[in-house]
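Chemist: Provided below are the primary sequence and the corresponding predicted coordinates.
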Amino acid sequence: MKLLLSSKAFGNSVITGKILEELKMDVQKIRVLFIPTALSGTYPPDKYVNELLISGLNKDNIIIFDEKNPKEYCNLNIDIIYVCGGNTFTLVKLIKECGFAVEILEYLRKDVVYIGRSAGTHLATKNIEHVLSFDENEIGLENYDAIGLFDGIIFCHYNESREKYYYEAIKNPKFNVYKITDEEMIVYDNGHISIL
C-alpha cells in the first residue's frame, strides 16, 4: 500500500515533482479517480482538475467521483486515487456514509496509489479531531475517526500559527503525530514512512 500525503499536492510545483517522481509512470498515461467530495456544496472542482492538466495528466484519464453514485466508481482501471482539499469534516462524513472508504482500501490492495491533499490527507489518517482548531465542522460530524490508512494524525499546512496545536497533540500519546508544510509530503510505502 502506497500513500502520498501532502498539504498541496498538484497545487504546488515542488510537490507535483515529488509525486511524479514517486509514481514512476508516464504522466500522460496515469489514470486517476479524482475525489472532490471535500468541496461538496461549495464550488466545482475545476481548479483542481486544471492543476492535474497543468501537471501533464490527460483529461481523458481523469474520472471525477460523485459520492451520490459511489457504486459507479468501483473496480475501475486506475493508477491513483487523488482526494483533494476542502472541508475535512464534510469529506470524512460523506465518504464514510456513502460506503466508499471500503472501496478505497480495495483499490490500495490492488496497488493503486492514494494521493491526499489537505482534507484528503486527513481522510487517510486515524482521527481528525485536531483539525477542529483550523477547519469548521460545518456538517456536524460527531465521530472524528477517519479511515485509518495511515497510523497517526497529520498537521497539514504546518507553520507558526499551527505550532501550539501540534505541540498540544504530541503530548497526547493516543496517536502518532506528524506535520508537513506546503512543500513537504509524507510517503507511506508498505510500512516505511519518509518525509520528502
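Modeler: Done, it's in.

Chemist: Do me a favour and average the pLDDT over stretch 88-105.
Modeler: Averaged across stretch 88-105, pLDDT comes to 97.

Chemist: for stretch 4-24, same thing?
Modeler: On average, stretch 4-24 scores 96.

Chemist: what's that stretch in contact with?
Modeler: Residues from elsewhere that reach stretch 4-24, judged by CB atoms under 8 Å, 6 or more residues apart in numbering: 2, 27, 30, 48, 51-52, 54-56, 79-80, 82, 84-85, 113-118, 120-121, 124, 150, 154, 156-158, 180-188, 196. Backbone N, C-alpha and C define where each C-beta goes, glycine included.

Chemist: Just the buried ones out of those residues, please.
Modeler: By neighbour count, with 16 or more other CB atoms under 10 Å, these hold 2, 30, 48, 51-52, 55, 79-80, 82, 84-85, 113-118, 120-121, 124, 150, 154, 156-158, 180-182, 184-188, 196 as buried.

Chemist: re earlier: among the contacts of stretch 4-24, name the ones in helices.
Modeler: Tyr48, Glu51, Leu52, Ile54, Gly120, Thr121 (DSSP state H).

Chemist: Out of the residues you listed, which comes closest to Ile64?
Modeler: Tyr48 (9.4 Å; CB to CB).

Chemist: Would you check how far apart that closest one and Thr88 are?
Modeler: Using CB to CB, to the nearest Å, Tyr48 is found at 16 Å from Thr88.

Chemist: before we move on, what about Met25?
Modeler: 29 Å.

Chemist: quick one, which of these two is more surrounded?
Modeler: Applying other CB atoms under 10 Å to Met25 and Thr88 shows that Thr88 carries more neighbours, namely 28 against 13.

Chemist: unless I'm mixing things up, that one is touching Leu39, no?
Modeler: No - shown here, Thr88 and Leu39 do not form a contact pair, counting by CB atoms under 8 Å, at 11.6 Å.

Chemist: so what's Ile63 bridging to?
Modeler: Leu33 (DSSP bridges).

Chemist: Name all residues that make contact with it.
Modeler: Neighbours of Ile63 in contact, by CB under 8 Å, 6+ apart: Arg31, Val32, Leu33, Phe34, Tyr73, Leu76, Ile78.

Chemist: Equivalent analysis for Asn127, please.
Modeler: Going by CB under 8 Å, 6+ apart, the list of residues near Asn127 reads Tyr144, Asp145, Ala146, Ile153, Lys174, Phe175.

Chemist: Now for these: which two are most distant?
Modeler: By the measure CB to CB, Ala146 and Lys174 form the most distant pair in the contacts of Asn127, at 13.5 Å.
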